[in-house]
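Colleague: Here is the input, now give the coordinates:
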Amino acid sequence: MVEKRPCPTSSLWEKGNKQGKRTCNRLAWSNQTTKPQGDTLATLSPLIPRIMSYVLSFIYLGIYWNNHHHMLQTCNKVTGSILWANHHLLFWLSLVPFTTGWMGENQFTAVPTAIYGVVLLMAAIAYWILQQQLILAEGENSLLKKAIGNDWKGKASPLLYISAIGFAFVSHWISIALYILVALLWLIPDRRIEQMLTTPKSEGTSNF
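Modeller: Coordinates of the predicted model:
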C-alpha cells in the first residue's frame, strides 16, 4: 500500500501556479506587439528572433512549473525560509517575459542576450536555494534529498549559463545554443521524485 503524504504546501503551490499563469500570459502578451508586415512567409523572417525567444522561454517556464510542483510534493511542512525562498524564485521567473522581449526585439544582440542569461542563472540559483530549504526543513534524510541524488544537472546548469553570458559578447548564437542545451537537459523527464512519492514505504526505506 502506498503511503499517503499530507500536503501542507498546497497553498504554496497554488500561489506558484497563479504566478506561473500570470508570467506565461505576460510572456504571450510581450510577443503580440509586433505583427508580420505582409501575408507571405518571407515577412516572418524579421520576427524569427522574437519567435525563438518566446518558444525557448515558454519551455523554461514549463520546466520550472513542473519541477516546482513535484518538489513541493516532497515537503511535509512549510517554514518562513521556504516561503521567502519561494518568493525569491518567483521574482526571477517574473523577469523572464521582460528579458525575452528585449532579447527578441534586438535580434539577439550582446547585452540583452547576456541579461537573459543572468536572469536564467539567478532563477537556477533561487531554485537551488528553495530546494535546500525544503531539504533542511525535512532533515538530511528527506525524500527530496534522496530523490535528487548528486543533482548533476543542477550543478552543470549554472556553469553553462555563465559560459553563455560570456559568449554573448563573442557570438550570440553560441549563447543561444547553450541556453537551448540547458533546456534540453531539463526537458528530459526526470521521474525520480515521482518514483519516490509512489514507492511503498517498505520498499523506499529498504533501498537507503
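Colleague: Tell me, how many residues neighbour Q131?
Modeller: For Q131, the neighbour count with other Cβ atoms under 10 Å is 20. From N, CA and C alone the C-beta is placed, and that goes for glycine too.
Colleague: Determine the longest helix present in this structure.
Modeller: The longest helix of the chain (DSSP state H) is helix 110-138.
Colleague: Can you classify the residue sitting nearest the centre point of the chain by secondary structure?
Modeller: In the chain, the centroid-proximal residue (Cα atoms, centre = their mean) is Y64; its distance is 3.1 Å. Here Y64 is recorded as helix under DSSP: H, G, I helix; E, B strand; the rest coil.
Colleague: Which secondary structure state does the closest residue to it other than its chain neighbours sit in?
Modeller: Using Cβ to Cβ, 6 or more residues apart in numbering and skipping residues adjacent in sequence, the residue nearest Y64 is L93, 6.1 Å away. Following three-state DSSP, L93 is assigned to helix.
Colleague: Next one: L93 from V170, what distance?
Modeller: To V170, L93 is 27 Å away according to Cβ to Cβ, to the nearest Å.
Colleague: Of the two, give the one with the bigger neighbour count.
Modeller: In this view L93 and V170 are compared by other Cβ under 10 Å, and L93 has more residues nearby, 25 against 10.
Colleague: Verify the contact between the more buried one and G62 for me.
Modeller: No. Counting by Cβ atoms under 8 Å, G62 is not a contact partner of L93; they are 11.4 Å apart.
Colleague: Where does pLDDT dip in the protein?
Modeller: Residues of the chain meeting the criterion pLDDT under 70: 1-40, 189-192, 196-208.
Colleague: which element is I51 on?
Modeller: Per DSSP states H and E: I51 is located in helix 48-72.
Colleague: got it, and W102?
Modeller: Going by DSSP H and E, W102 is in helix 96-105.
Colleague: now that helix, how far from the chain's geometric center?
Modeller: 16 Å (Cα atoms, centre = their mean, to the nearest Å).
Colleague: And it, what does it pack against?
Modeller: For helix 96-105, the elements it packs on are helix 10-30, helix 48-72, helix 110-138, judged by 3 or more Cβ pairs under 8 Å, 6 or more residues apart in numbering; DSSP states H and E.
Colleague: and among the ones you listed, the most buried is which?
Modeller: The highest average neighbour count among those, using mean count of other Cβ atoms under 10 Å, belongs to helix 110-138 at a mean of 20.
Colleague: by how many degrees do it and helix 96-105 diverge?
Modeller: Orientation check (axes from the mean of the first three to the mean of the last three Cα atoms, to 10 degrees): helix 110-138 against helix 96-105 gives 160 degrees.
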